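J.: What shape does this take:
(one chain, ligands or ions: 1)
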Amino acid sequence: MTTSARLDKVIAITGASSGIGRAVAELAAAAGATVVLSARRVERLDEVVAGIVQRGGRALAVPGDVTREADMQQLVARTVDVYGRLDVMICNAGIGYHGIFADTPRDVMRRLVDVNVMGLFYSAHAALARFRTQRSGHIIAISSIVGRRGIPGSSVYAATKFAHVGLIESLRAELAGSGIVASVVYPISTDTEFRSAIKRDFGQDVHGLGPKQSADHVAAAIVDCIRHPRAEVYPYRRAKWLAIISVIAPAFADRLVQKYQRRGTATEADA
Ligand SMILES: NC(=O)c1ccc[n+]([C@@H]2O[C@H](COP(=O)([O-])OP(=O)(O)OC[C@H]3O[C@@H](n4cnc5c(N)ncnc54)[C@H](OP(=O)(O)O)[C@@H]3O)[C@@H](O)[C@H]2O)c1
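T.: Reported below is the predicted structural model:
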């Protein structure tokens, strides 16, 4: 998927202290990119940056919270101050929640909107302001396969991930011919700290259902999208069929994901 040509880009990544964000930072830096890492856990960012620098890469930590607009503006400003430009903004920071809609507390919905939706809004907005002066740039939003097809127990998380798709699709249409591009990525269940963060934040034990992929696999698909920008990326290619079936035959897709959920529950119980 990736090529060995040097990746001559300055890339800012939110949620780069672990999981997919960290894997993208490390892979892109190894390919020659300059990476600017943002997240709240400063010591984790410093550790990732130190590793990249030790391997001969260029990296900078700009700690920040995606729910604070000023932090996202600072991320872009510091990147431009230090490296003179920003080529790619990867809007990756995100949190999950598992539970049926009827039982979902309002505060949880607000928190997910804050991090997953406002976080995307602030990071994309800050990058876009810079991209418009440069007349070039690439915004990549990390949605989820449940941003294309909701599954039982994921209503509030899915809603925030659908928001990524609507925002990026509209933005892409607005930007046509501008030199600025926007992409959306739909990972399936990925082996990261995502579920331990749910446990930490909401006290829930959640197990990913169905097929799984590694953070490195998702990162490779994202780096490939930086090299060859395109509208949408399904790192697990077969997942695209779920999106297609959902549009053509939504009731059938309902049955599919219900079966899938039951199988998942049975597998968890068996484990
Ligand atoms: N893992 C999956 O199964 C899966 C599947 C589909 C899509 N995704 C999406 O992939 C993205 C990355 O998740 P991951 O799987 O790599 O999980 P992860 O390992 O938990 O990483 C999440 C990252 O987001 C950061 N973050 C959380 N809240 C933040 C905030 N308020 N401000 C700034 N940063 C914040 C975390 O850093 P700090 O805690 O240090 O701030 C961390 O670096 C998310 O958007 C997620 O929805 C994940």
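J.: How about the residues of the stretch 101-250 of the chain by the ligand?
T.: Within the stretch 101-250 of the chain, the residues that sit near the ligand (CB under 6 Å from any ligand atom) are 115, 142, 144, 187, 189-190, 192-194, 197, 208. For every residue, glycine as well, the C-beta is placed using N, CA and C.
J.: change it to 5 Å
T.: Within the stretch 101-250 of the chain, the residues that sit near the ligand (CB under 5 Å from any ligand atom) are 115, 142, 144, 187, 189-190, 192-194, 197.
J.: Identify the farthest-apart pair in these.
T.: Val115 and Ser189 (19.2 Å; CB to CB).
J.: So which of the residues of the stretch 101-250 of the chain next to the ligand are in helices?
T.: 194, 197 (DSSP state H).
J.: Which one of the residues of the stretch 101-250 of the chain next to the ligand sits in the busiest neighbourhood?
T.: Greatest neighbour count in these, by other CB atoms under 10 Å, goes to Ile142: 30 neighbours.
J.: about what we covered before: now tabulate the residues of the stretch 101-250 of the chain next to the ligand in a markdown table and tack on pLDDT.
T.: Output for these, formatted as a markdown table (pLDDT from 0 to 100):
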| residue | pLDDT |
| --- | --- |
| Val115 | 98 |
| Ile142 | 98 |
| Ser144 | 97 |
| Pro187 | 97 |
| Ser189 | 93 |
| Thr190 | 95 |
| Thr192 | 96 |
| Glu193 | 96 |
| Phe194 | 95 |
| Ala197 | 95 |
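J.: Could you point out the member of the residues of the stretch 101-250 of the chain next to the ligand that lies closest to Tyr234?
T.: Pro187 (8.6 Å).
J.: Do I have it right that the closest one meets Gly147?
T.: No: using CB atoms under 8 Å, Pro187 is not in contact with Gly147; the gap is 9.7 Å.
J.: Helices of the chain, residue ranges please.
T.: Under DSSP H, the chain gives helices at 19-30, 42-54, 69-83, 106-112, 119-134, 155-175, 194-202, 215-227, 239-248, 250-270.
J.: Confirm for me that Gly15 is in contact with Asn92.
T.: Yes: proximity of Gly15 to Asn92 meets the contact threshold set by CB under 8 Å, at 4.3 Å.
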